[in-house]
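Student: Sequence isn't available, so here's the structure alone:
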């Protein structure tokens, strides 16, 4: 027997996730009305959809900017999608604005994904961590684990996609983009970004 889900319950889930009404209803039925489980169902579905669309060409989109209060920090990004129709959608434009705000709030971000970080930089981070005094007397297996953890943390700090979303810390920016890929039905790519800080590079 299919569980009957109220329209109010469906709307509450839609408001939380941005997913379509039918998708929310099916997720709630699948999870026996448990909202947290339904969110996980939708998240997994969104990741699956995002993976399917990840190789599709995304050359349309917008350039979005954000100037932080006080005009001391500014950010510009190019966010791409597949069609001009989606580029004009308010959800897509809100996503672009949220990403610029994330970059403004995260001074360590230098790369879009961890995979973009040069190997030479990563190798150097391992060398730096391996020479730290607090590891000298540790067994090799524990030392390797600590070094790996510290380097991964450092790489995550440098990567936009690894950042917890400032408005919803339970998800990362990568999760946020995948959610919008599922919602809008197109591949979405952060092509490039630049962060301006007043006074940078002044000697």
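Tutor: Received the coordinates, thanks. The model shown is predicted, which means the values in this text are computed figures rather than measured ones. Numbers count the residues shown, from 1 in each chain.

Student: From here on, just use CA atoms for contacts and neighbour counts.
Tutor: Noted.

Student: Break this protein into its domains for me.
Tutor: As given by automatic domain parsing, the domain ranges for the chain are 7-53, 60-112+159-197, 118-156.

Student: could those domains be laid out in a markdown table, adding mean pLDDT and mean neighbour count?
Tutor: Output for the domains of the chain, formatted as a markdown table (pLDDT from 0 to 100; neighbours: other C-alpha atoms under 10 Å):
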| stretch | mean pLDDT | mean neighbour count |
| --- | --- | --- |
| domain 7-53 | 73 | 17 |
| domain 60-112+159-197 | 93 | 18 |
| domain 118-156 | 87 | 13 |
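
Student: Make sure residue 126 is indeed in a helix.
Tutor: Yes: when DSSP: H, G, I helix; E, B strand; the rest coil is applied, residue 126 is found to be in a helix.

Student: so how far is residue 27 from residue 13?
Tutor: For residue 13, the distance to residue 27 equals 9 Å [C-alpha to C-alpha, to the nearest Å].

Student: what do those two both touch?
Tutor: residue 39 (C-alpha atoms under 8 Å, 6 or more residues apart in numbering).

Student: nearest residue to the residue nearest in space to the middle of the chain other than its sequence neighbours?
Tutor: Nearest residue to the geometric centre of the chain (C-alpha atoms, centre = their mean): residue 173, 1.3 Å. Once flanking residues are discounted, residue 173 sits nearest to residue 161: 4.8 Å by C-alpha to C-alpha, 6 or more residues apart in numbering.

Student: what's near enough to touch the one you found?
Tutor: By C-alpha under 8 Å, 6+ apart, the neighbours of residue 161 are 112, 113, 114, 172, 173, 174.

Student: Name the nearest residue to the first one, sequence neighbours excluded.
Tutor: Nearest in space to residue 112, with sequence neighbours left out and distances taken as C-alpha to C-alpha, 6+ apart, is residue 160 at 4.9 Å.

Student: Thanks a lot, see you next time.
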